[in-house]
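Enquirer: Sequence and predicted structure are below.
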Amino acid sequence: MKELISIKRDRRAHAIKVLEGPLDNFRVAITTSMDIGRVRFALDGIVVDARLREQNTSPETLQALTDQRTPVVAGVFEMHDGTHALDWLLPQGAQQPIAPEPTQLRNEKTWSSLPRALRLAAAGGLIGAATLFLALQIKSAWSFPFLIVGALAMATLMFSLFQIAFSFSALWENFSRRRTLQLMASVMMKYCGAQAHGR
């Protein structure tokens, strides 16, 4: 281990560790979809979990690093439950680290998706309310087409409400952990230098 930095008052992690060496025992989780890309590997004697969709890479990239025994430097969070979660990884000789998008960019993407979700929620709610109103006013409104339209409107409303809830959850996560994320960004800048994109 190259470095250990304690974190105070973070909900998820209590330390940042900088590890170095080749990747060992690389495994891809088969219980989740390949889009998420959940993987586990050992680095510097510590088992590290990663979600590669967040790191903008693929399992094949890390498998190649493991097979070639390429030395890497990685920043990981030591979580309160004792597990370790990958934040960034820099293979020897690489131009760019494998890292998540900058927090500012993630926040901008989340904010830009909210108006669409709000429009969907409004449309679904209005169509569902109109369908329910017509169903209560017109006896023939309980027919199959009205039920289909009402069900689709409610499904759209529920989907958009979940999207809105997840967006606000992501924004709150980034806001509440901003000091920890900034600390990890400065650690990445220290080890990756000019190769690190701004976080």
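Expert: Here it is on my side, so go on.
Enquirer: Report the contact partners of the residue of the chain most remote from its centre.
Expert: Relative to the mean C-alpha coordinate of the chain, counting by CA atoms, centre = their mean, the farthest residue is Lys139 (48.0 Å). When the contact criterion is CB atoms under 8 Å, 6 or more residues apart in numbering, Lys139 has no partners at all. C-beta coordinates here come from the backbone N, C-alpha and C atoms, glycine included.
Enquirer: In three-state terms, label the nearest residue to Arg27 once chain neighbours are set aside for me.
Expert: Ranked by CB to CB, 6 or more residues apart in numbering and with sequence neighbours excluded, the top spatial neighbour of Arg27 is Arg40, at 4.9 Å. At Arg40 the chain is in strand, as set by DSSP: H, G, I helix; E, B strand; the rest coil.
Enquirer: now the one 10 residues further on
Expert: Here Ala50 is recorded as strand under three-state DSSP.
Enquirer: May I have the beta-bridge partners of it?
Expert: Val39 (DSSP bridges).
Enquirer: what separates it from Trp111, distance-wise?
Expert: Per CB to CB, to the nearest Å, Ala50 is found 26 Å from Trp111.
Enquirer: Show the average pLDDT along whatever helix or strand Leu171 lives in.
Expert: When elements are assigned from DSSP states H and E, Leu171 belongs to helix 144-176. The pLDDT scores in helix 144-176 average 87.
Enquirer: picking that back up, name the residue in Ala50 and Trp111 with the higher neighbour count.
Expert: Neighbour tally, Ala50 and Trp111, criterion other CB atoms under 10 Å: the higher count belongs to Ala50, 23 against 11.
Enquirer: pLDDT score assigned to that one?
Expert: So Ala50 comes in at 88 (pLDDT).
Enquirer: can you check Val76 too?
Expert: 94.
Enquirer: Next, the contact list for Pro113, please.
Expert: Not Pro; residue 113 is Ser. So Ser113 contacts 163, 167 (CB under 8 Å, 6+ apart).
Enquirer: can we see that at 6 Å?
Expert: Shown in contact with Ser113 (CB atoms under 6 Å, 6 or more residues apart in numbering): no residues.
Enquirer: Quick check: it vs Ser160, distance?
Expert: 11 Å.
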